[in-house]
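J.: Task: produce atomic coordinates for the following.
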Amino acid sequence: MRIHFIAIGGSAMHNLAIALHNGKHQVTGSDDQIFEPSRSRLFAKGLLPSSDGWESSRIDDQLDAIILGMHARKDNPELLRAQELGLNIFSYPEFLYEISKEMTRVVIAGSHGKTTTTAMVLHVMQHAGVPTNYMVGAQLEGFDCMVEMESGSEFMVMEGDEYLSSPIDLRPKFHLYRPNITVITGIAWDHINVFPTFESYLEQFKIYLDTIEPGGALIYNERDQVLKELVEQSDAKVKRFPYSLPEYSIENSITYIDTAEGMVPLQVFGAHNLSNLEAARWVCLEMGVQEHEFYDAIVSFAGAQNRMQPILEGQVKVFRDFAHAPSKVGAAVKALADQFGKVRAVLELHTFSSLNPEFLPQYKGVMDPAHDAWVYYSPDAVAHKKLPELSKKSVLEAFGPGVRVFDTPEELSVALSDPAENSAVVLMSSGNFGGIDLEDIFTSYK
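T.: Modelled structure (predicted):
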């Protein structure tokens, strides 16, 4: 097939492009800006566009498919040309469904823990020597690409993101996958720019339940009361499997879970990750992996990229985490405090929701378990997103007393250089903290 990607530089888009290229399809693409690591990875495969920008001349009637990224706009000249020619135009999730229609689709959904749960499943399947098709939202150790479609497996394991599919398809991505097996990890309001109320956000999960194939398996977190009620009220004709937390203990900063095989040590920690582990265990059982095989594999699972990822293992441990939504931040901070005691938690407000004054009160108290609770935001990022101006005072009022607020990278950089009495530091963001040199800062911790 000849396939052209409009907005090829995105994290998911460039990985799908590489996967199709590896499958011997003829792939081209375009974008107005492509950043690392997408740029280097596309270049290595010969897929990097020769120039930035959009050109309708790239589109001709010999193309078998256009894959349209969310980053493009409805008036994109390449999209308009493709529409004029009547070409097959797919969003990313539409295309994934098309190629997996004859497979058993396993979808990991929920407001938090999707990437980690998916990564756990794939780690176990790889350890068990079971080929698996997949789409995951982060680069995983031991996997060359975030997308695999040519393994020959009957299964396709995918993250089910609730964000919109494309500029011309405003359905949430996970509405398009029609899973045979699905996990829902929990529901916590996010994406305020798309779902302005909690009710509108919750409605997307109600719809999702009705997209599960009849007779399919629904694995859900019964500790989430909102989710539990939603599942109990649903008329979906599916098998329901609730899960909770395994029995566990923490000794010398190592978490152990209690299993039929005995106490199993883990490299991950925190109630949220133990919940993700239980979800992954249920999925793997549905995919034919025996329980003892699951535990044999999970001891070596070290996490997904930027999901409580250790970046310094010294007297003071430093972690990088993707947490940005209130539920994710709260879970990450509590996990570190339970595991290491005194913790410095540093959160960057970077997403549209987190910088929105109407959404900020959702963060009330989430940093409370931290010994040092710091919040950084960039006034330039607020202006770029065309949001109302934020003040340090308004951020402090939203989070609660005891939180220290920074609005310049220089001030944050100086403060970070001293770990004080903390045993661990976590940096939580989907951004880069104003571009400060974290590696240079943390040399003083060793």
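J.: ok, which stretches of the stretch 301-446 of the chain are helices?
T.: With DSSP state H, counting those that start in this stretch as the criterion, the stretch 301-446 of the chain has helices at 326-340, 379-384, 392-399, 409-416, 438-442.
J.: Rounded mean pLDDT for the second one, please.
T.: Mean per-residue pLDDT for helix 379-384: 90.
J.: Nearest to I168, out of the helices of the stretch 301-446 of the chain?
T.: Nearest of the helices of the stretch 301-446 of the chain to I168, taken as Cβ to Cβ: helix 379-384 at 24.6 Å. In short, each C-beta sits where N, CA and C put it, glycine included.
J.: and the closest one, how far out from the chain's middle?
T.: In terms of Cα atoms, centre = their mean, to the nearest Å, the centre of helix 379-384 is found 24 Å from the chain centre.
J.: residues of that helix that come out buried?
T.: Neighbour counts over helix 379-384 (16 or more other Cβ atoms under 10 Å) mark A381, V382 as buried.
J.: Give me the contacts around it.
T.: Contact with helix 379-384 is made by L349, H350, L355, P388, E389, L390, D407, G431, as judged by Cβ atoms under 8 Å, 6 or more residues apart in numbering.
J.: Where does confidence bottom out across the residues you listed?
T.: Ranked by pLDDT, those bottom out at G431 (83).
J.: and that residue, what is it in contact with?
T.: Per Cβ under 8 Å, 6+ apart, neighbours of G431: E348, H350, A381.
J.: make it 6 Å
T.: Taking Cβ atoms under 6 Å, 6 or more residues apart in numbering, we find G431 in contact with E348, H350.
J.: Please report the distance of it from D380.
T.: Relative to D380, G431 is positioned 12 Å away (Cβ to Cβ, to the nearest Å).
J.: H127: what's its closest spatial neighbour, skipping adjacent residues?
T.: Spatial nearest neighbour of H127, excluding adjacent residues (Cβ to Cβ, 6 or more residues apart in numbering): A297 at 3.5 Å.
J.: show me where pLDDT drops low in this structure?
T.: Under the criterion pLDDT under 70, the flagged ranges of the chain are 444-446.
J.: Tell me the spacing between the residue nearest the centre of it and L87.
T.: When Cα atoms, centre = their mean is applied to the chain, the residue found nearest the centroid is T115 (4.7 Å). The spacing between T115 and L87, counted by Cβ to Cβ, is 32 Å.
J.: And E421, by the same measure?
T.: Distance from E421 to L87, counting by Cβ to Cβ: 61 Å.
J.: of these two, who's got more company?
T.: L87 (19 against 10; other Cβ atoms under 10 Å).
J.: Got the phi and psi for that one?
T.: Note on L87: backbone dihedrals following degrees, to the nearest 10 are phi -80, psi 160.
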